[in-house]
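>>> What follows is a predicted protein model with its sequence.
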Amino acid sequence: MTDTPRSPANAHADAAALTPAREATAPDTDGVWYASYPADVPREVDIHSYASLAQFFDQCTARFGERVAYVSAGSPMTYAVLARKASAFAAWLQDVGVKPGERVAIMLPNTLQYPVALFGALKAGAVVVNVNPLYTVRELAHQLKDSGAETIVVFENFAKTLEDALPGTRVKHVVVTGLGDLLGEGLNLKGRFINFMLRHVKKLVPAYRLPQAVTMLAALEAGARRPFAPVDVKFDDLAFLQYTGGTTGVAKGAMLTHGNMLANLLQAKAWTGGQLDADQETVLTPLPLYHIYSLTVNAMIFMALGGRNILIANPRDVKRVMKTIRHERFSCMSAVNTLYNAFLDNEAFRQRDFSGLKLAMAGGMATQKAVAERFKAVTGKPIVEGYGLTECSPIVTMNPVDLDHLQDFEGLVGLPAPSTLVRFRKDDGTWANLGEAGELCVKGPQVMRGYWMRPDETAKVLDADGWLATGDIGVMDPQGYIRLIDRKKDMILVSGFNVYPNEIEDVLAAHPGVREVAAIGVPDPVQGERVKVFVVKRDPALTEEALIQFCRQQLTGYKVPRLVEFRDTLPQSNIGKILRRELRDEEIRKQAAS
């Protein structure tokens, strides 16, 4: 843990090669993007509009009290009720001895319990550790031990995983909850029925033994009986340990302060101008709120707008999603490429009335041109891409909300957000100019403090001047718009030529017989590496030969895949991002075994 990370003492090209002499010469990219800003977007935002996320939450819930904040399984929760329950949970945390700065883990899918636990913990001054409910015992144990969390809120479906992961952790307080618990005041008939079905009919709750656990309902009832003592949470206090693989190594906790998160939501709110706050917006939220993208965009930004969130607990069950939203109208939605693709393959989604849709947002991974074009053909609206990463809370760049002037999908991730500087660093450590590719580096109030308890890892990506090396290769055009080329570590080297997986995947995604695709490099004794693609078919008759021939028509020879493997599914992250790393690891293991 470090407040002023030192420069890396290794050959890592991101920060080590930067010298004062090179820093003195700014690239011609600096500030060029301001001329392309929408007329009502400021260059800078007042990041100190709120002292903390707790103050932000209190002001929003007071202002929008009677509005519906969240809808889960058809049941609404107003801002006023959310405020009352979050305060009760904060009071319970205080009652069991949780002090400001202590870590509280939240292991919940998109349910009403998540915002209650989230904002309750923040009001108590705790540091939230978001946990993927689908984690294995090993992954969960690592995160609990690394963060030092002493309290955890867990969905009962995953309580057995927690039981097995607890040995060796510091966890003392466990809160267990079921899907139906907050679907109304108290445990009403609907909630009881849903819990009974999940536990006893569908058998989705494995038996577990956590004798120290209390239920979420019991914790809220106990907290409501005692006064909550307001906590003086500071702007620079830690708000989240948001775990990420980062650019290297094992999962690390990105230290995000209240100020980091507030800056990012205020940057995004300023960017939307008056386009999204005339009436109450309803946003479809299929991405998990424990992921930084959905956390900031859906939970925070739409709270600032008094928005209504439709929570989807399991977005991969597309038929269930369509049933859940069949009577809903939403003006905004956020998703990733794979989820948009899955929705577009569903007839019920394609037949919806999209006349009220204002904004479809994408992030987390590159949006493929074929998917973007299908979405616009179906909905009449473009997918508005942005770019960010956990270490930046997460938003770095955004496209204008009104993209109707773009006739075709251009693959641009937008312009740097207000109060944000972006440069591109070449392999020799110098800054790239317009049109020159390099590693995207970011400087701004949303950039993390560093990685929790890992000063060496922090120093690899964050230099003493505050520039964060993202690990993404990109380029800026004369208007200041940024195009990402690919992840630096995913680049394939074929006979000395750079091959970017995104380009190959984009070409293959346009084939009508392809549903999903991932490209990686596999070792080759002659070429160094050769391109291999993994494909999920849309057309069962699709052949390897047909795909390779399709690529030969659109790619130069060294980029054409030499190996094709068909699969039923591809490994994905919790938000649906295809994990090339797992595919590479599989190939390495295969080669080692042979």
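Yep, that arrived.
>>> Can you check what pLDDT the model gives Ala9?
Reading off the confidence values, Ala9 has pLDDT 30.
>>> next one: Phe497
According to the prediction, Phe497 has pLDDT 75.
>>> okay, now it: neighbour count?
A count of neighbours around Phe497, defined by other CB atoms under 10 Å, yields 13. For every residue, glycine as well, the C-beta is placed using N, CA and C.
>>> now it, nearest residue through space, not along the chain?
Beyond its immediate neighbours in the sequence, the residue positioned closest to Phe497 (CB to CB, 6 or more residues apart in numbering) is Tyr558, lying 5.1 Å away.
>>> Now do the contacts for the one you found.
Listed by CB atoms under 8 Å, 6 or more residues apart in numbering, the contact partners of Tyr558 are Val494, Ser495, Phe497, Val499, Gln527.
>>> Show the backbone phi and psi for it.
phi -70, psi -10 (degrees, to the nearest 10).
>>> just Lys269 next, same as before
Dihedral angles of Lys269 (phi, psi; degrees, to the nearest 10) stand at phi -60, psi -40.
>>> Please list all residues in contact with it.
Under the criterion of CB under 8 Å, 6+ apart, the contact partners of Lys269 comprise Ile301, Ala304, Leu305.
>>> Now do it, the pLDDT please.
Reading off the per-residue confidence, Lys269 sits at a pLDDT of 91.
>>> so how far is Val41 from it?
As defined by CB to CB, to the nearest Å, Lys269 lies at a distance of 11 Å from Val41.
>>> Repeat that for Glu436.
Separation of Glu436 from Val41 (CB to CB) stands at 26 Å.
>>> Check Ile575 too.
Spatial separation of Ile575 from Val41 under the definition CB to CB is 27 Å.
>>> pLDDT weak spots in the stretch 301-450 of the chain?
Confidence mapping of the stretch 301-450 of the chain against pLDDT under 70 gives the ranges 403-410.
>>> All the helices of it, in order from the start?
302-304, 318-324, 337-344, 347-350, 369-379 (DSSP state H, counting those that start in this stretch).
>>> For Tyr481, give me its contacts.
Listed by CB under 8 Å, 6+ apart, the contact partners of Tyr481 are Trp33, Ser36, Leu412, Gly414, Leu415.
>>> a markdown table please, covering those residues and showing neighbour count and distance to Asn314.
As requested, those are arranged in a markdown table below (neighbours: other CB atoms under 10 Å; distance: CB to CB, whole Å):
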| residue | neighbour count | distance to Asn314 |
| --- | --- | --- |
| Trp33 | 23 | 38 |
| Ser36 | 15 | 39 |
| Leu412 | 18 | 32 |
| Gly414 | 23 | 30 |
| Leu415 | 27 | 35 |
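>>> Can you give me the neighbour number for the residue nearest to Pro400 when sequence neighbours are not counted?
In space, not counting the residues next to it along the chain, Pro400 is nearest to Pro38; the distance is 5.3 Å by CB to CB, 6+ apart. Counted with other CB under 10 Å, residues neighbouring Pro38 total 13.
>>> for the protein, which spans come out with low pLDDT?
Where the chain drops to pLDDT under 70, the residues are 1-24, 186-187, 245-250, 274, 277-278, 403-410, 496.
>>> ok, back up a step: quick one: which of Glu436 and Val41 has more around it?
When Glu436 and Val41 are compared for neighbours, Val41 comes out ahead with 20 against 15, by other CB under 10 Å.
>>> wait, isn't the more buried one in contact with Gln275?
No: the pair Val41 and Gln275 does not pass the contact test of CB atoms under 8 Å, sitting 10.6 Å apart.
>>> Could you pull out the helices in the stretch 1-150 of the chain for me?
Secondary structure of the stretch 1-150 of the chain, counting by DSSP H, counting those that start in this stretch: helices at 20-23, 53-63, 79-95, 113-123, 137-147.
>>> So for Val564, which of these sits nearest?
When the helices of the stretch 1-150 of the chain are ranked by proximity to Val564, the top entry is helix 137-147, at 31.1 Å, counting by CB to CB.
>>> what comes into contact with the helix or strand that that closest one is followed by?
Per DSSP states H and E, the first helix or strand lying C-terminal to helix 137-147 is strand 151-155. Contacts made with strand 151-155 from outside it, assessed by CB under 8 Å, 6+ apart, are listed as 93, 96, 98, 102-109, 111, 113, 117, 126, 131, 133, 144, 162, 171-179, 216.
>>> could you list every residue that touches Ala519?
Residues counted as contacts of Ala519 (CB under 8 Å, 6+ apart) are Ile492, Pro501, Ile504, Glu505, Leu508, Val531, Lys532, Val533, Phe534, Pro561, Arg580.
>>> give me that answer again for 7 Å
Taking CB atoms under 7 Å, 6 or more residues apart in numbering, we find Ala519 in contact with Pro501, Ile504, Glu505, Val531, Val533, Pro561.
>>> Make a markdown table out of those and add distance to Thr420, secondary structure and neighbour count.
Written out in a markdown table, the entries for the contacts of Ala519 read as follows (distance: CB to CB, whole Å; DSSP: H, G, I helix; E, B strand; the rest coil; neighbours: other CB atoms under 10 Å):
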| residue | distance to Thr420 | secondary structure | neighbour count |
| --- | --- | --- | --- |
| Pro501 | 27 | helix | 22 |
| Ile504 | 31 | helix | 25 |
| Glu505 | 28 | helix | 23 |
| Val531 | 35 | strand | 24 |
| Val533 | 35 | strand | 26 |
| Pro561 | 37 | coil | 25 |
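>>> Out of those residues, which is nearest to Val336?
For these, the nearest to Val336 is Glu505 (13.8 Å; CB to CB).
>>> what sits against the closest one?
So, once contact is read as CB under 7 Å, 6+ apart, Glu505 ends up touching Gln368, Val517, Ala518, Ala519.
>>> Also Cys392?
Residues near Cys392 by CB under 7 Å, 6+ apart: Val442, Gln446, Val447, Leu468.
>>> again, only this time at 6 Å
Val442, Gln446, Val447 (CB atoms under 6 Å, 6 or more residues apart in numbering).
>>> One more: Val98?
Residues in contact with Val98 (CB under 6 Å, 6+ apart) are Ala126, Thr151.
>>> how about 10 Å then?
Under the criterion of CB atoms under 10 Å, 6 or more residues apart in numbering, the neighbours of Val98 are Ala90, Trp92, Val104, Ala121, Ala124, Gly125, Ala126, Glu150, Thr151, Lys172, His173.
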